[in-house]
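Chemist: compute the structure for the input listed below.
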Amino acid sequence: MRRRLHFSHAVLAAACLSVFGCGSRPDSWDKAPSVTFAEGLSNSFTVIDESINRADIMSIGPGLSLAQSRQQVGVSVANVRASADGERLFVLSRGQQPRRNPSDERPALWVYDGKGSGQLVSRYELSEALDGLAIDPLGRYVVVYAAGDANSFVDNPNELIIIDTSKPASDTNPAPRTIRSFGGRPQRLTFTSSLQLPSGQRRLLLVETDKDIAILDLDHLDRSEITVKLSDTGNVTPAGLVYTEGAPDRLDDTRIAVRTTAENSVFVLTLGQQTDPKAENDFGVLVNIVGFTTVPSDFAFVNTDAGLRLAVLQPNVRKGTLVDPDTGVETDVDMPAPYGRMAVVTRQVADAPESGSDVALLWGGAWSAATGVAFWSLGKSVGQAYRSIEVLSDVAASVTDVVDVPAPNDALKILVPDQITSAGGEFHVLNLAQRTAAPLHTTATQLGLTVSADGQRAWFYQEGGYDVAVVDLQTLHPTPLVLDRPIWKIYDVGTSDGGRAMVAMHRGGTLGATVLNALSPDEAASTRYAGILQGGF
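Modeler: Sure thing, here's the model as predicted:
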């Protein structure tokens with residue numbers, strides 16, 4: 001049967017007597033909670049209560065018990081993000097504005113453990129209140145920047161605060177850097193993997209402003225960035241970038257490709273030998289512009305039967321184009337539909353070519369109403385372009401997004417339809433190894449989706465509703481569940497005894513949660529927690 005957390009009048013009276021006997025009462029008894037931010041982590045979940053400047057980081061123990069770690073957090077939270085592996089929580093606070101006393105809190109980045117303890121790991125004080133956070137997928141760096149209106153009397157929109165979280169706070173960490181810009185301000189930040197440049201292995205930070213591209217050497221932050229101006233008129237706005245290390249036996253073919261919002265072209269930046277003896281950086285950048293018929297919607301560096309190519313989609317003319325980055329020679333491939341998005345899936349398909357060439361998945365996305373998905377075999381694209389596209393007949397609906405599933409089921413993708421009508425709609429679970437797609441029908445008009453970090457389950461729910469469906473990604477068997485309070489968010493987290501738990505958050509009052517065993521989900525065996533922000537109880 002369902003277990004409920006409840007208190008008798010006698011227990012509450014004893015608790016009150018105990019508190020009054022100590023001559024104090026928790027602040028949380030007198031202030032209404034203010035919750036904007038919540039995050040699921042690897043072995044815990046967190047809720048930020050800004051009314052009392054606390055992060056409640058909660059882990060699940062044996063018997064679905066809830067262990068609560070209440071940690072101080074900065075005043076006026078601006079942004080909250082989890083690391084890619086869920087093992088760290090980053091909280092960016094503005095501090096007290098304005099500061100009137102030396103003891104008034106400054107802006108800071110707070111770092112907490114997300115593996116279970118919830119403890120504060122480190123704190124990096126900042127001199128300016130900012131709101132943007134970019135998290136290194138490899139877990140080392142965090143960049144703080146002005147993502148919106150900083151509301152400062154004077155602010156520097158091109159300043160990046162780079163924090164090396166592998167090191168403690170010091171006079172040089174955080175490291176403020178102002179990028180040279182031709183009137184733009186940062187829009188997107190990309191951390192590269194380790195790339196082989198002429199002078200050795202490097203990690204780069206690629207900054208897209210609304211007018212240009214800046215390249216920073218993360219291994220040498222004392223050196224100036226390289227800024228690439230995309231237009232003399234300043235009317236060209238980057239819309240995304242991709243990069244490749246190139247051939248393993250070459251030191252001069254690391255490349256970055258940049259597409260824009262309105263130009264019929266792609267900028268290809270080649271990182272090679274530095275030819276300017278006065279330059280600070282030990283690599284140089286050569287810029288080439290590749291023209292197309294229409295504005296590209298997506299692109300990727302791929303391996304083909306003829307070598308490395310930049311694959312570009314042009315949905316307005318139903319074409320894919322392969323560009324030789326060395327020569328600029330283009331090969332067009334006619335598409336059976338105006339596909340606007342692509343992802344390289346070579347590792348996940350069972351019949352990947354032995355030649356080492358790639359396979360890409362194609363779908364419509366926001367750019368196009370193209371129905372279904374297709375596989376683009378790049379090993380045939382240059383010599384036998386007409387045979388390179390295989391349309392998957394299992395999917396008839398338009399696909400707006402493709403959700404990755406973690407290992408060991410990373411051969412699966414969840415296809416999200418572009419719209420769900422009043423009569424419902426269909427998601428699909430795409431099996432890349434078998435090249436099949438199984439439909440999942442829903443009668444809901446809008447669904448939230450959470451995929452478990454262990455790659456075993458997908459949770460479907462409707463915010464504000466009571467229904468949940470968990471799909472076993474091995475068997476595709478759905479299990480329906482009905483909770484007794486409206487759902488705000490759902491997390492799938494690890495437990496202290498090695499299991500997994502589903503946590504459904506409920507808004508209202510001092511917040512509630514329903515916790516059940518994710519490995520054998522049954523709402524009749526769930527535990528409901530009420531008032532989880534009242535940690536004193």
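
Chemist: all contacts plus neighbour counts: C-alpha atoms, from now on.
Modeler: Fine.

Chemist: against Asp472, how distant is Leu516?
Modeler: Remark: distance between Leu516 and Asp472 (C-alpha to C-alpha, to the nearest Å) = 15 Å.

Chemist: more neighbours: which of the two?
Modeler: Under the criterion of other C-alpha atoms under 10 Å, the comparison of Leu516 against Asp472 puts Leu516 first, with 25 against 16.

Chemist: for the more buried one, what are its contacts?
Modeler: Counting by C-alpha atoms under 8 Å, 6 or more residues apart in numbering, Leu516 makes contact with 64, 501-503, 522-523, 525-527.

Chemist: I'd say Arg81 and Val91 touch.
Modeler: Yes - at 6.7 Å, Arg81 counts as touching Val91 under the criterion of C-alpha atoms under 8 Å.

Chemist: more neighbours, those two?
Modeler: When Arg81 and Val91 are compared for neighbours, Val91 comes out ahead with 23 against 20, by other C-alpha under 10 Å.

Chemist: could you give the bridge partners of the more buried one?
Modeler: Val80, Trp110 (DSSP bridges).

Chemist: residues contacting it?
Modeler: 73-74, 77-81, 109-111.

Chemist: ok, how many other residues are close to Asp219?
Modeler: Asp219 has 12 nearby residues by other C-alpha under 10 Å.

Chemist: tell me how far Arg81 lies from Thr209.
Modeler: 22 Å.

Chemist: name the residue closest to the centre of the protein, please.
Modeler: Centroid check for the chain by C-alpha atoms, centre = their mean gives Ala84 as the closest residue, at 7.3 Å.

Chemist: per-residue pLDDT of it, please?
Modeler: pLDDT for Ala84: 95.

Chemist: do you know how far the closest residue to it other than its chain neighbours is from Lys211?
Modeler: The spatial neighbour of Ala84 that comes closest, neighbours along the chain excluded (C-alpha to C-alpha, 6 or more residues apart in numbering), is Pro137 at 5.5 Å. Per C-alpha to C-alpha, Pro137 is found 25 Å from Lys211.

Chemist: ditto for Glu125
Modeler: According to C-alpha to C-alpha, Glu125 stands 30 Å off from Lys211.

Chemist: more neighbours, these two?
Modeler: Legend: neighbour count by other C-alpha under 10 Å for Glu125 and Lys211, higher for Lys211 (24 against 17).

Chemist: contacting residues around Gly139?
Modeler: By C-alpha under 8 Å, 6+ apart, the contact list for Gly139 reads 83-84, 165.

Chemist: domain ranges for this protein?
Modeler: According to automatic domain parsing, the chain comprises the domains 31-176, 179-281, 292-446, 448-537.

Chemist: pull the distance from the second one to the chain's centre.
Modeler: It refers to domain 179-281. Counting by C-alpha atoms, centre = their mean, to the nearest Å, domain 179-281 is centred 21 Å from the centre of its parent chain.

Chemist: likewise the first one?
Modeler: With C-alpha atoms, centre = their mean as the basis, domain 31-176 stands 17 Å off its chain's centre.

Chemist: mind checking the end-to-end distance for it?
Modeler: One end of domain 31-176 sits 37 Å from the other (C-alpha to C-alpha).

Chemist: what does the second one give?
Modeler: Taking C-alpha to C-alpha, the first and last residues of domain 179-281 lie 14 Å apart.

Chemist: count of neighbours near Asn101?
Modeler: Using other C-alpha under 10 Å, the number of residues around Asn101 comes to 8.

Chemist: ok, Ser231 next?
Modeler: Ser231, neighbours per other C-alpha under 10 Å, totals 12.

Chemist: that one falls within a strand, correct?
Modeler: No - secondary structure assignment (DSSP: H, G, I helix; E, B strand; the rest coil) places Ser231 in coil, not in a strand.

Chemist: how about it, what does it touch?
Modeler: Ser231 makes contact with 211-212, according to C-alpha under 8 Å, 6+ apart.

Chemist: do the same with the one 5 residues further on
Modeler: Contacts of Val236 were listed using C-alpha under 8 Å, 6+ apart, and they are 210-212, 230, 260-263.

Chemist: can I get these in TSV with secondary structure?
Modeler: Below are these laid out as TSV (three-state DSSP):
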residue	secondary structure
Asp210	coil
Lys211	coil
Asp212	strand
Leu230	coil
Thr260	strand
Thr261	coil
Ala262	coil
Glu263	coil
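
Chemist: in the stretch 301-450 of the chain, where is pLDDT below threshold?
Modeler: Flagging of the stretch 301-450 of the chain using pLDDT under 70 yields the residue ranges 352-354, 381-387, 420-424.

Chemist: returning to that earlier point: so what's the residue nearest to the centre of the chain up against?
Modeler: 135, 137-139 are the contacts of Ala84 under C-alpha under 8 Å, 6+ apart.

Chemist: widest-spaced pair of these?
Modeler: Spanning the widest gap among these are Ile135 and Leu138, at 8.6 Å by C-alpha to C-alpha.

Chemist: of these two, who's got more company?
Modeler: Taking other C-alpha under 10 Å, Ile135 and Leu138 do not tie; Ile135 has more neighbours (19 against 12).

Chemist: shouldn't Val266 be within a helix?
Modeler: No - with three-state DSSP as the criterion, Val266 is strand rather than part of a helix.

Chemist: so what's it up against?
Modeler: Taking C-alpha under 8 Å, 6+ apart, one finds 257-260, 289-291, 296 in contact with Val266.

Chemist: ok, 6 Å please
Modeler: Residues near Val266 by C-alpha atoms under 6 Å, 6 or more residues apart in numbering: 258-259, 289-290.

Chemist: and for Ile161?
Modeler: Counting by C-alpha under 6 Å, 6+ apart, Ile161 makes contact with 143-144, 175-176.

Chemist: which residue is the nearest non-sequential neighbour of it?
Modeler: For Ile161, ignoring the flanking residues on the chain, the nearest one in space by C-alpha to C-alpha, 6+ apart is Pro176 at 4.4 Å.

Chemist: so what pLDDT did that neighbour get?
Modeler: pLDDT at Pro176 comes out at 92.

Chemist: and the strand or helix carrying it, what's buried?
Modeler: According to DSSP states H and E, Pro176 maps onto strand 175-178. For strand 175-178, burial by neighbour count (16 or more other C-alpha atoms under 10 Å) applies to 175-177.

Chemist: then stretch 87-106?
Modeler: By neighbour count on 16+ other C-alpha under 10 Å, the buried set for stretch 87-106 is 87-96, 105-106.

Chemist: let me know the closest of those residues to Val429.
Modeler: Of all the buried residues of stretch 87-106, Glu87 has the smallest distance to Val429: 27.7 Å, by C-alpha to C-alpha.

Chemist: circling back: select only the buried ones of the contacts of Leu516 in PyMOL?
Modeler: Buried residues among the contacts of Leu516 (16+ other C-alpha under 10 Å), as a PyMOL selection:
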select buried, resi 64+501+502+503+522+523+526+527
